[in-house]
Every structure is written in C-alpha cells, then in structure tokens.
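# Sequence unavailable; structure follows:
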C-alpha cells in the first residue's frame, strides 16, 4: 500500500493564491490541495461554471472570465500568487483560443503586473517541432513570451500528458472515479459523443483506444502530482523565471500501460491504435467548422509522434514525489465505482 502523500507546503502566507481555471480538472485539485494546506485561496470561475465542489475552507469563489478581460482586474487585486491552468481545449459556452488563450491571458498578465503579483505560474504544454500545427500549443507559446516580456516573476511548467485525462480518453472508465471535475464530463457535444463510444471500453471489452501505435512512449503524470508541482513552483527558487519540462516517473509505451491495466482489471487489455495520418486528415477537415475539434485532432496527432519524454527529475528537485501508473491504477480501482 502506497504511503499517503501529504499536501506540499503552501506558498508564503497572507495574500491568497488565485487559481485561474478553478472549476477544471487540474484547477479543482489545486484548490483542494491549497485548502487542505490551510492556505487562503481565490478560485476564479465563470458564473455559469459548476462550483459547488469548490466550497471548501479558506476558499473564496470569484466570478470572472478570461473571455471578458474587464472582469479580471478585480479578481487579481490582492492576490499574492497566480496559478493559471485555464484553456479552451474542451470549450464551454463558445470559448475560443483567440478570446481565452490569447486575449484573455494577455489581459490576465497585464492585471498581474498592475497589482504586483509575487509570482505567476503558467501550466503549459511540451515543446515540440509541431507547435505551429496545434492551436493550443501556439497559444501557450504566445503566453509564455508575454510572461517573459512582462517582467513578472514567473514559472512556466510544461507537463507531460496527464494520465487521469488520457487514460479516460483511451477508454478507462475508472479514471473518472473520485474526480470532482473530470475532463471527460465537460458539456462539450463533440467530447460527449466521443466518450459515448470509447468510455469504459477497457473494463467492458478489454480495449484501449490510443493515438498512433502501442509503442509510443509517454512520461504520464498524475493530475494530483501536477497540482503539487504547481504549488511548489510558487515558492521554489529553481522555478523562478524558469521554464521547466516535467514528466512522470517512468516512460511507458501504451502496451506497457495496457499490461498494468490488465493486472488491475484482472482481464486482458488490447491496444487499438489509430494511425497519426487519420488525425492529420481529420484536423484539416474540421478546421473550417470547429477550431476546438481541429485542436483535439491535432493533439491526438501530436500524441502519436515519436518524441522524447519529459524528465522526472525536475519534480524531485521541486520536492514532489511522483505516482507511477501502477500506483495510480490501484488507487482508482480501490475507489467506489
């Protein structure tokens, strides 16, 4: 049985941490961990977002929207540090990259400069040779550049794929157990149609639907560990004005992931790969009609490429112990269905 990992020490006291994107999968974990560490938190959510699960001790919920830049100034005023995890990758209410990940983040950074935020932690994506082909990656690079030019003390954290989200998207139903805000529950019709097809296939039919082939390796990292890294980066000297690529503790192929799932599910699990060329074609077909859907296809195309994996040693230097895939799967299996 794995020893329970306590929450990381909180940032310096007094001023609250503003979590941007607090109603999302990662944002929720950030709020939960900061609250458990007895640190004051300001959870930024849109008025229309689910927020009941964020009503925790020492958490103030503030209504603002990256798509409405004028709403951000009051949300930032008085915050000590900012952790920004919001994006439009699975959009709600018509969110678009131009309004959320571009103009929205520009306005957020400007408000942080105005109110002298002590450190801005940006949750970003891996560096690839293909950034220009993926809308989310292009937007993240522009935000990284704005941060560097702003003069704000900051940390850019480029994470490996989140195992909680990618395993659910590949067909592992139990990946959503115990998650107050799973990515796969977002009310985006394209996502819900997709999950209606693949959701729970690992348990029901022993199938894991993955981008590319089963040999592609990823340094999958758990969302709880990502949240711990973000919180550590609000105060760790190595993170100050740095860009850190952070991976999970092991680089596994999808075949190796399937073997670990089979051991927990007590049934064979077979990898079913979708060629990268299929996602490339779908990206081009969808681009005129849905930027977000084209982005999802581009993300899957990227996930199918043979690229180097991120370094697990960075999390260790931040003081964050990492969860292996096997540990994560056993923990999820032990949760009530």
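Received the coordinates, thanks. Predicted model only: the values in this text are computed from it and were never measured. Numbering: from 1, shown residues only.

# Excluding chain neighbours, give the residue nearest to residue 43 in space.
residue 22 (3.6 Å; CB to CB, 6 or more residues apart in numbering). Heads up, the C-betas are built off the backbone N, CA and C, glycines and all.

# Tell me how many other residues surround the one you found.
Using other CB atoms under 10 Å, the number of residues around residue 22 comes to 28.

# ok, now residue 14?
Residue 14 has 8 neighbours, counted by other CB under 10 Å.

# Please enumerate the helices of this structure.
In the chain, the helices defined using DSSP state H lie at 25-36, 72-76, 105-114, 135-150, 163-170, 189-198, 201-205, 223-233, 254-265, 276-286, 291-303, 313-317, 325-334.

# what's the least confident stretch among those?
Of all these, helix 291-303 carries the lowest average pLDDT, namely a mean of 82.

# Check which helices and strands that helix sits against.
helix 135-150, helix 189-198, strand 207-211, helix 276-286 (3 or more CB pairs under 8 Å, 6 or more residues apart in numbering; DSSP states H and E).

# can you pull the contacts of residue 260?
With contacts defined as CB atoms under 8 Å, 6 or more residues apart in numbering, residue 260 is in contact with 252, 325-326, 329.

# Just to check, residue 146 is in contact with residue 103?
No: counting by CB atoms under 8 Å, residue 103 is not a contact partner of residue 146; they are 10.9 Å apart.

# So for these two, which residue has more residues nearby?
Neighbour tally, residue 146 and residue 103, criterion other CB under 10 Å: the higher count belongs to residue 146, 18 against 15.

# Nearest residue to the more buried one in space, please, no chain neighbours.
Nearest one to residue 146, counting by CB to CB, 6+ apart, is residue 109 at 5.4 Å.

# wait, isn't residue 292 in contact with residue 190?
Yes: taking CB under 8 Å as the definition, residue 292 is a contact partner of residue 190 at 7.2 Å.

# So the two - more neighbours on which side?
Applying other CB under 10 Å to residue 292 and residue 190 shows that residue 292 carries more neighbours, namely 20 against 14.

# Look up how far residue 189 lies from that one.
As judged by CB to CB, to the nearest Å, residue 292 and residue 189 stand 11 Å apart.

# go on, residue 208?
In this view, residue 208 and residue 189 are 24 Å apart by CB to CB.

# now do residue 161
24 Å.

# more neighbours, these two?
Under the neighbour definition other CB under 10 Å, residue 161 and residue 189 were set side by side, and residue 161 has more, 22 against 9.

# quick one: contacts for the more buried one?
218-221, 303.

# Buried among those? Need that as a selection in ChimeraX.
The following ChimeraX line selects those of those that are buried, judged by 16 or more other CB atoms under 10 Å:
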select :218,219,220,221,303
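
# Now render the contacts of residue 161 as TSV, adding distance to residue 319.
Formatted as TSV, the contacts of residue 161 follow (distance: CB to CB, whole Å):
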residue	distance to residue 319
218	24
219	19
220	20
221	15
303	29
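
# what's the most distant pair in the contacts of residue 161?
Spanning the widest gap among the contacts of residue 161 are 221 and 303, at 14.1 Å by CB to CB.
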